[in-house]
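# sequence and predicted structure, then a few things I'm wondering about:
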Number of protein chains: 2
Amino acid sequence: MLELKALPVGCADRRRSNACAGCGARPFSVCGNIDDADLGRLDALAEHLVLQPGEALIREGDPARHVFNVTSGSVRVYKLLSDGRRQITGFLFAGDFLGLATGETYVFSAEAIEPATACRFRKSDYRTLIRETPALEAALLDRANHELAAAQNQMMLLGRKTSLERVATFLLDLPDHDPVRATVAGHVHLPMTRLEIADYLGLTIETVSRVLTRLKTSGVIRLLSLTELRIEQPAVLKAMAEGEA
Amino acid sequence: MLELKALPVGCADRRRSNACAGCGARPFSVCGNIDDADLGRLDALAEHLVLQPGEALIREGDPARHVFNVTSGSVRVYKLLSDGRRQITGFLFAGDFLGLATGETYVFSAEAIEPATACRFRKSDYRTLIRETPALEAALLDRANHELAAAQNQMMLLGRKTSLERVATFLLDLPDHDPVRATVAGHVHLPMTRLEIADYLGLTIETVSRVLTRLKTSGVIRLLSLTELRIEQPAVLKAMAEGEA
DNA sequence: CGCAGCCTTGACCATTATCAACGCTGGTGG
DNA sequence: CCACCAGCGTTGATAATGGTCAAGGCTGCG
């Protein structure tokens, strides 16, 4: 959501030959114009991380020494106010990038939601690589710009949508961001808690819970478990997400 | 706020020799590593636009054929819901970029707030230039990443801050974005209407007006006119912006 | 001078937050 | 193996922030 996003599925398959040994996924596997020699250099520089739920990749305020590429699982990115209010600015999944947007120190925190793996690069290595690999740079610029568009959508959600519209939008958008998980149409997996959903949508847990109950009661969705649900009436949900219901 | 931002002030002065004839400002004047030959090619490709208040540079949904660089005045960038609700995702000033973030069609609209000028490039030209000018690409990537950080701050504002905190944050941040206007410390110029401020902060005009009145009554700011104000107690306003008051 | 457009202020209302109680579920230890 | 406990989720009652509706005031321009 928040940082640059790769499209790892096809890549991982096409180029498995050179995949990362530690996590099985290929770091920086931005599909497209990057040749194997460049990808090899990336692999050589990657450190591989295995994260338990709640473990931090990045802490706001720490010196920004690394750049990350999530290779499996899911990650929350957030900022805090001094009194503890939290805004989750994005959920990241396999293929997403992290830590490109910062200057001297990180301006946000990032933690694993579920068990996750990531590749880590020293920022100096990253800068050199960028300089020497125009195709990589172009891909990152393109992705950064798409992330800006996503950020605009989230601003619309946070600034102008009702709680029902926010939750509906969230349920519709979430599957798009998790490219690895086999996406059965209409099936939504929620690796995050209600609190995390609330902090992402600018609501409280209670409001999220009430809206989900309302959607369930009206037959628009079906809750299979706390973390799995089916969209029963996608057209209705879409209308709700856009404020047409 | 929203798109890539140049630092035109120093540039404009240092390189006036080759400044744009139509608007007096130099398009794509990203200070730093771009040499004169490249800047010359940029100049040659620029179309110069003069905009009256309310005139559109970009309409959401139109085919994305151009990329823009604001050279004077100010511009609002926004998205609409079908029922007319508007979220302004950013205000742009001299030096800001616009239209890089899109695919086939624009996903937001952009209109002049005050009389403004901009340079316009055909997207195909822009792509070629990018490809041939690594320094330009690097500068744009860097700026895109900084814009992502700014977007995260706005999400925090929209999702978690109170009306008082939103207005305080806005008054403190605004001067940073308008690099051309001579910024007397503590003096804030508001080229936009109350409605535009409200649509940027996710509030209504009435709430914005009430908060400004409250800040005025408590002596934190002084309203010189509808569009000019002074911050009398910057420390207090900063505390308010971070939720510490 | 008058009007249009924007801004301010006030009264009231609604959505969502807060506070509180209860329920479910999964893990652990007796 | 069962029971308890902790953590998360749901539901309900109440409160408050900000929205809505309405009236009136400035300001700048014709």
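Yes, it's here.
# tell me where chain A has helices.
A:8-14, A:36-45, A:123-132, A:134-160, A:163-177, A:194-201, A:205-217, A:234-241 (DSSP state H).
# okay if I get those helices as a markdown table plus mean pLDDT and distance to chain B?
For the C-beta atoms, the positions are set from N, CA and C on the backbone; glycine is no exception. Formatted as a markdown table, those follow (pLDDT from 0 to 100; distance: least, CB to the nearest CB, whole Å):
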| stretch | mean pLDDT | distance to chain B |
| --- | --- | --- |
| helix A:8-14 | 33 | 19 |
| helix A:36-45 | 74 | 15 |
| helix A:123-132 | 87 | 7 |
| helix A:134-160 | 89 | 3 |
| helix A:163-177 | 95 | 8 |
| helix A:194-201 | 98 | 7 |
| helix A:205-217 | 98 | 13 |
| helix A:234-241 | 97 | 10 |
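# any chance of those in CSV, plus mean neighbour count?
Compiled in CSV, the helices of chain A are given as follows (neighbours: other CB atoms under 10 Å in any protein chain shown):
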stretch, mean neighbour count
helix A:8-14, 16
helix A:36-45, 15
helix A:123-132, 15
helix A:134-160, 22
helix A:163-177, 20
helix A:194-201, 21
helix A:205-217, 16
helix A:234-241, 17
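# would you turn these into CSV with distance to DNA strand D?
Output for those, formatted as CSV (distance: least, CB to the nearest atom of the strand, whole Å):
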stretch, distance to DNA strand D
helix A:8-14, 27
helix A:36-45, 36
helix A:123-132, 33
helix A:134-160, 9
helix A:163-177, 11
helix A:194-201, 3
helix A:205-217, 3
helix A:234-241, 17
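# nearest to residue B:58, of those helices?
With CB to CB, the closest approach to residue B:58 among the helices of chain A belongs to helix A:134-160: 12.6 Å.
# quick check: closest non-adjacent residue to the residue nearest the centre of chain A.
In chain A, the residue lying closest to the centroid (CA atoms, centre = their mean) is residue A:92, at 1.8 Å. Among residues not flanking residue A:92 along the chain, residue A:75 sits closest, at 4.2 Å (CB to CB, 6 or more residues apart in numbering or on different chains).
# wait, the residue nearest to the centre of chain A sits on residue A:78?
No - under the criterion of CB atoms under 8 Å, residue A:92 makes no contact with residue A:78, lying 11.2 Å away.
# so which of the helices of chain A gets nearest residue B:167?
helix A:134-160 (13.9 Å).
# check which helices and strands the closest one is in contact with.
Counting contacts by 3 or more CB pairs under 8 Å, 6 or more residues apart in numbering or on different chains; DSSP states H and E, helix A:134-160 packs against helix A:123-132, helix A:163-177, strand B:74-80, strand B:86-93, helix B:123-132, helix B:134-160.
# that one vs helix A:163-177, what angle?
Put simply, helix A:134-160 runs at 160 degrees to helix A:163-177, going by axes from the mean of the first three to the mean of the last three CA atoms, to 10 degrees.
# starting at the chain centroid, how far to helix A:134-160?
Helix A:134-160 sits 12 Å away from the centroid of its parent chain (CA atoms, centre = their mean, to the nearest Å).
# picking up where we left off before, quick check: neighbours shared by residue A:92 and residue A:78?
residue A:110 (CB atoms under 8 Å, 6 or more residues apart in numbering or on different chains).
# coming back round to it: ok, now how distant is the residue nearest to the centre of chain A from residue A:214?
29 Å (CB to CB, to the nearest Å).
# domains in chain A, by residue range?
A:8-155, A:161-241 (automatic domain parsing).
# would JSON lines of these with distance to DNA strand C be doable?
Below are the domains of chain A laid out as JSON lines (distance: least, CB to the nearest atom of the strand, whole Å):
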{"stretch": "domain A:8-155", "distance to DNA strand C": "8"}
{"stretch": "domain A:161-241", "distance to DNA strand C": "3"}
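# out of those, which gets nearest to residue B:191?
Of all those, domain A:8-155 sits nearest to residue B:191, with 20.3 Å by CB to CB.
# so what sits opposite residue A:86 in the bridge?
Going by DSSP bridges, residue A:86 is paired in beta bridges with residue A:80.
# thought it was touching residue A:80?
Yes - proximity of residue A:86 to residue A:80 meets the contact threshold set by CB under 8 Å, at 5.4 Å.
# with neighbour numbers in mind, choose between these two.
The residue with more neighbours, out of residue A:86 and residue A:80, is residue A:86; 19 against 14, by other CB atoms under 10 Å in any protein chain shown.
# list the contacts for the more buried one?
Residue A:86 neighbours (CB under 8 Å, 6+ apart): A:78, A:79, A:80, A:199, B:160.
# pretty sure the last one contacts residue A:81?
When you say that, I think you mean residue B:160. Yes - contact between residue B:160 and residue A:81 holds when scored by CB under 8 Å: they sit 6.5 Å apart.
# excluding its backbone neighbours, what's nearest residue A:113?
Residue A:113 sits nearest to residue A:74 (CB to CB, 6+ apart), 4.6 Å away.
# tell me what the one you found is bridged to.
Residues in a beta bridge with residue A:74, per DSSP bridges, are residue A:93.
# just give me the neighbour total for it.
25.
# can you give me the pLDDT of it?
Per-residue confidence (pLDDT) for residue A:74: 94.
# any idea how far it lies from residue A:57?
Distance from residue A:74 to residue A:57, by CB to CB: 12 Å.
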